[in-house]
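S.K.: Here is my input, please return the structure:
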Amino acid sequence: MSAYLPALAAVLVLIGATCRAQEPPNYEILRDASVFGMCQEPRDADDIEALAGMGVDVVVRGISCAWRATPDQARQRMLSKRELRDLARKHGICFCTMITSSAIYPEMEGPEKVDTWASRDARGNVIKTAGWFQGCLNNPEYRDYVKRIGRAVIDGGADGIHYDESYSRWFWMSPIPCFCDHCCARLREFIKRAYGVDQARERWGIADLDAFDYRRYLADNGYADAPHKSPLHDVWWQMQMHSTYEHETSIVQDNKRYALEQYGRELVTNANPYNAAVLSSAVSMETAVYDFVNIGTGLAMSFRDNGWRSGPCVPGGLSYVPQYKMARTQAGSKPVVMFLDIQQEPRHIARLKPDQADNMMQWLFAEAYASGCFFAAHHRFSAYDGPIAAQQRYGSFYKANRALFVGSRQVANVAVAYSYPSQVWDMYPLHWDKSSDRPAHCLQYYGVCQALQRANLQYETVFFGDGELFAAAPAAEELDRYRAIILPSCYAMTDEGARALLSYVDRGGRLIISGDYATHDEHHVARAQPPAAPTGPNIAHLDGDFEACLSGDHAEIEASLCRALVGQMHVTPLVELQGLEPGLHAHCRLSGDGQAYVVHLINTRFDESRGFSPATNVRLELTLPEGFGTPSGCYLLGPDYADGQPIPATMLKTAAGRVVVVAPEVNVFRAVVIRK
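M.R.: Have a look, this model is predicted:
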């Protein structure tokens with residue numbers, strides 16, 4: 001038989017070359033995408049046609065689902081969707097097939113693999129969640145298993161992979177951190193590399209680091225039921241974050257390399273980091289791993305309000321915009337996409353009349369594009385298909401007006417700081433010690449952003465990293481774009497980040513500081529002498545708890561922020577408050593080519609039982625961006641207009657650089673476009 005191998009190899013090379021010539025350029029599709037979609041999973045050709053009708057370029061996850069599947073089962077499921085995959089390719093749609101990076105079912109590989117691969121609690125017991133077990137990525141055998149599932153769907157023809165729950169070994173709704181033997185070994189390695197044997201002995205009394213057993217340490221010192229109280233917990237958490245980033249990267253790189261070497265195919269990758277407010281550090285970390293950034297969530301957000309509760313994300317209530325802006329500021333050129341990870345029709349939509357349910361979906365689209373991001377058209381997920389016809393109108397509208405929405409940049413003279421070092425340690429008050437009343441930076445950030453949006457004060461987000469995975473501070477020229485920067489409980493900051501802010505003030509910048517500031521470094525080590533909080537006429541300090549802005553008690557807290565910005569800091573808002581009706585939010589952006597100033601008007605006058613109340617004869621007074629010049633015309637856009645065609649708008653010129661625009665009606669969303 002060996003005599004035939006050279007000829008067979010030549011045939012396979014020829015077949016491979018033919019396949020490579022026919023493969024779609026998936027990265028080009030991703031780069032040029034206007035509309036994303038969600039379809040888990042399509043049943044027939046009608047589903048693909050529905051997505052094509054929405055103008056979908058990239059499906060966040062769909063085509064086949066490898067949840068609860070062995071590698072062989074995953075391969076067969078992918079192959080069974082070949083006709084639908086080929087039809088999608090004809091429409092130029094790139095599908096990301098879902099696999100799981102965490103779930104283990106006993107019937108998949110047998111109980112012995114559960115015992116070998118599953119995460120364990122601090123007493124060494126296997127952790128069980130809702131009918132399944134979660135694998136530990138620190139286990140090299142389990143990592144190899146996840147890689148093999150990825151390779152299997154690539155064999156079946158996958159254009160891309162959505163890695164589901166990659167980090168859930170420490171984040172399945174609430175942390176279930178793993179303390180298996182592999183994690184304990186990894187902790188020893190991490191301490192040796194990051195701190196050294198001498199520091200291990202001096203700081204934590206570890207006499208023999210090579211023999212150190214963290215589970216035994218927790219048990220001997222009474223921390224087995226509350227490991228977050230251990231003096232080593234901060235170090236353990238750093239190890240989990242660093243190792244997870246390393247392992248996710250290795251899995252993705254393995255699968256990309258396999259797709260390229262075996263099939264000449266580019267593999268598009270993404271994951272689902274969920275809610276930026278309460279599962280936050282993974283959102284930041286995973287932006288560095290995958291090709292585009294997903295924010296998978298439902299229509300609710302958790303926060304503290306005399307105990308923990310969940311509030312609906314609906315117009316007039318909680319907004320997704322702060323989450324978009326946080327992800328956008330660290331994603332670089334990568335797309336940021338929201339998809340609704342919901343199993344059935346949300347009650348906030350189900351109770352509405354059909355036309356108002358359509359409007360609710362339009363609001364979800366509008367908030368994404370007003371933030372410079374994307375919303376994934378939700379076609380199918382378990383028992384919820386989403387309103388197809390309405391989403392086809394919205395997708396077609398954004399695709400037809402791509403130049404105005406994709407690649408645009410925020411126009412704002414105020415920024416809110418997002419501190420990644422603080423975000424990493426927010427896990428204490430949010431998950432590990434829910435009795436704690438200490439501030440959580442990510443929720444304080446959310447509250448500040450909500451307050452600014454309700455007051456129609458335009459803002460951007462600036463991102464302060466850890467100096468390792470992310471740059472410690474933005475460049476000086478980026479900070480200098482803003483007349484004021486708000487620091488919402490940025491309790492953990494690098495020295496470089498704190499120095500950058502002091503330098504910003506020296507150059508004439510203004511700071512508004514709320515809560516603790518730089519009391520800890522990026523490793524959560526309390527500073528003996530925290531950087532002196534800047535003082536002077538360009539500094540304001542606020543005492544309010546902005547997390548309260550996520551519940552109903554927020555009026556005075558929001559007013560204090562507005563007084564500090566407009567009164568004390570003398571920051572002139574870009575949208576005059578008296579020119580806009582209550583309940584309308586304005587988001588100002590400049591098109592990518594700089595030729596159009598777009599004001600996204602979003603109506604938040606919404607009742608959960610009746611839907612939206614339209615605003616009529618809306619008068620908007622605004623300042624044009626510096627250097628924009630004299631506008632040549634103005635028109636209105638919206639997916640509810642016939643065929644998405646523009647409607648001429650009345651534009652009145654006032655003082656230099658200021659115009660007044662009148663819109664006859666804003667039902668859910670209206671784009672006011674002022675052209676050079």
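
S.K.: pretty sure Ile512 contacts Ile486?
M.R.: Yes: using Cβ atoms under 8 Å, Ile512 is in contact with Ile486, at 4.6 Å. For glycine as for every other residue, the C-beta is placed from the backbone atoms N, C-alpha and C.

S.K.: The two - which one has more neighbours?
M.R.: Ile486 (31 against 25; other Cβ atoms under 10 Å).

S.K.: Walk me through which strands the helix or strand hosting the more buried one pairs with, and which way each runs.
M.R.: Assigned by DSSP states H and E, Ile486 belongs to strand 484-488. Each strand paired with strand 484-488, and its direction, by DSSP bridges: strand 414-419 (parallel), strand 510-514 (parallel).

S.K.: Give me the buried positions along the next helix or strand after the last one.
M.R.: The one in question is strand 510-514. Using DSSP H and E, the helix or strand that follows strand 510-514 in sequence is strand 539-542. By neighbour count on 16 or more other Cβ atoms under 10 Å, the buried set for strand 539-542 is Ile539, Ala540, Leu542.

S.K.: can you pull the contacts of the second one?
M.R.: Going by Cβ atoms under 8 Å, 6 or more residues apart in numbering, Ala540 touches Arg510, Leu511, Ile512, Ile513, Ala564, Gln568, Met569.

S.K.: Burial-wise, tell me which of the strands paired with strand 484-488 comes out on top.
M.R.: strand 414-419 (a mean of 27; mean count of other Cβ atoms under 10 Å).

S.K.: average model confidence for that strand?
M.R.: The average pLDDT within strand 414-419 is 96.

S.K.: what's it in contact with?
M.R.: Here strand 414-419 has contacts from 325-326, 329-330, 441, 445, 448-449, 452, 457-464, 479, 481-488, 490-493, 497, 565, 571, using Cβ under 8 Å, 6+ apart.

S.K.: again with stretch 553-564
M.R.: 447-448, 450-452, 454-455, 457, 486, 512, 540, 542, 544-546, 548-549.

S.K.: Taking the contacts of strand 414-419, please make a PyMOL selection of just the buried ones.
M.R.: Only the buried entries of the contacts of strand 414-419 go into this PyMOL selection, using 16+ other Cβ under 10 Å:
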select buried, resi 325+326+329+330+441+445+448+449+452+457+458+459+460+461+462+463+464+479+482+483+484+485+486+487+488+490+491+492+493+497+565+571
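
S.K.: So which of the contacts of strand 414-419 are in helices?
M.R.: Lys325, Met326, Thr329, Gln330, His441, Tyr445, Val448, Cys449, Leu452, Leu479, Gly497 (DSSP state H).

S.K.: could I get these as CSV with pLDDT?
M.R.: Formatted as CSV, the ones in helices among the contacts of strand 414-419 follow (pLDDT from 0 to 100):
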residue, pLDDT
Lys325, 93
Met326, 90
Thr329, 89
Gln330, 84
His441, 93
Tyr445, 94
Val448, 95
Cys449, 95
Leu452, 94
Leu479, 97
Gly497, 96
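
S.K.: quick check, nearest of the residues you listed to Leu620?
M.R.: Nearest to Leu620 among those is Leu452, at 17.5 Å by Cβ to Cβ.

S.K.: Tell me how far the closest residue to the closest one other than its chain neighbours lies from Val448.
M.R.: With Cβ to Cβ, 6 or more residues apart in numbering as the criterion, Leu452 has its nearest non-adjacent residue at 4.8 Å, and that residue is Tyr459. Separation of Tyr459 from Val448 (Cβ to Cβ, to the nearest Å): 8 Å.
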